[in-house]
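Undergrad: got a predicted structure here, sequence first:
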Amino acid sequence: MANSEEQENVDRRQQILEAALKVFSVKGFHKATNKDIAQAAGGISPGLIYWYFKDKEDLFLSLIRERGTVFDLADHPERVMNLPPRAGLALVGRTYLSIFQVPGNVALLRILVGEITRFPQVGEMFFRVVGRRFLDFLSQYLQHCVDRGELRPHDTMIAARSFLGMFVVNVIAREVFRQPEAVAVSNEQLVATVIDIFIGGLEPC
C-alpha cells in the first residue's frame, strides 16, 4: 500500500511538472498561475500543487534542476576530478549538450532566455539555486588541474564562466534563434572546437 501511494505521489509530481512546462511555454513564468498549471495537469486543485512545491518559484527551479543532467556532475564530482583537462571538459561539454536532446528542454531554454531578458530576477533566481553550484564545481575541477600541473595558474571562476559561456552562446544560436550555421554544427564538433580554444589558452608553456 505504501509503495502504491509513493508511486502515486511521484506520478502526480511529474504530472504537475509537465503541466507547468506547457503553461510556462505559453504564458512565461510571471504570467502563469497555479490555477493555469492545475488545469493543464488534468483539473487538479490548485492547492494540491503546494503539497509538492513550496511556490511557483520552487516549481520552476525544480523543472530546471530535474531536467539538467549536467548538474549530476556537480553532485558527483568524482566522475570528473581525476580526468585530464581535455577528457574532463569534454565530459562536461557533452553532458551539457545532452540536456537539449531531452523532449521539452529546448522549450525550457526558450522560457528561461525570454524571462531573463524581461525579468532579471529570474536570472538571479536561476543562478542562485542552480548556476552557482555548477560553476563552483567546474572552478574546483580547473583548480585541481592547475594543482596537478596540467593547466597554468589562472582565475578558475572566470575560466569556468568562459568555458560554459561558449556552449551557452552556441546553444542559444542553434536552439533559440535557429541560425543555420549553428544548426549545422554537430555536438562533437562544438565540443572539440570549444576545448581547443579553451585549453589552447591555458596549457602550460
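TA: Received it, and whenever you're ready, just let me know what you need. Numbers count the residues shown, from 1 in each chain.
Undergrad: please make it C-alpha for all contacts and neighbour counts, starting now.
TA: OK.
Undergrad: now do the end-to-end distance for stretch 116-127.
TA: With C-alpha to C-alpha, to the nearest Å applied, stretch 116-127 spans 11 Å between its terminal residues.
Undergrad: from here on, call the first residue 25.
TA: In the new count, where the first residue is 25, that last one comes out as stretch 140-151.
Undergrad: show residues contacting that stretch.
TA: Residues outside stretch 140-151 that contact it (C-alpha atoms under 8 Å, 6 or more residues apart in numbering): Leu85, Leu136, Glu139.
Undergrad: top of these by neighbour count?
TA: Using other C-alpha atoms under 10 Å as the neighbour criterion, Leu136 leads the contacts of stretch 140-151 with 21 neighbours.
Undergrad: now the helix or strand harbouring that residue: mean pLDDT?
TA: Using DSSP states H and E, Leu136 sits in helix 129-142. Across helix 129-142, pLDDT averages out at 82.
Undergrad: coming back round to it: rebuild the contacts of stretch 140-151 as CSV, extending it with distance to Pro228.
TA: Converted to CSV, the contacts of stretch 140-151 look like this (distance: C-alpha to C-alpha, whole Å):
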residue, distance to Pro228
Leu85, 39
Leu136, 37
Glu139, 41
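Undergrad: closest to Pro127 out of those?
TA: Checking the contacts of stretch 140-151 against Pro127 by C-alpha to C-alpha gives Leu136 as the nearest, at 15.8 Å.
Undergrad: now do the contacts for the closest one.
TA: Contact partners of Leu136, counting by C-alpha under 8 Å, 6+ apart, are Val146, Gly147.
Undergrad: so how far is Ile40 from it?
TA: Distance, Leu136 to Ile40, using C-alpha to C-alpha: 18 Å.
Undergrad: distance from the next helix or strand after the helix holding Leu136 to the middle of the chain?
TA: From helix 129-142 onward toward the C-terminus, using DSSP H and E, the following helix or strand is helix 144-150. From the chain centre to the centre of helix 144-150 is a distance of 14 Å (C-alpha atoms, centre = their mean, to the nearest Å).
Undergrad: which elements pack onto the one helix or strand in the chain whose mean pLDDT sits lowest?
TA: In the chain, no helix or strand scores lower on mean pLDDT, DSSP states H and E than helix 95-99, which sits at a mean of 74. Helices and strands touching helix 95-99, by 3 or more C-alpha pairs under 8 Å, 6 or more residues apart in numbering; DSSP states H and E, are helix 156-171.
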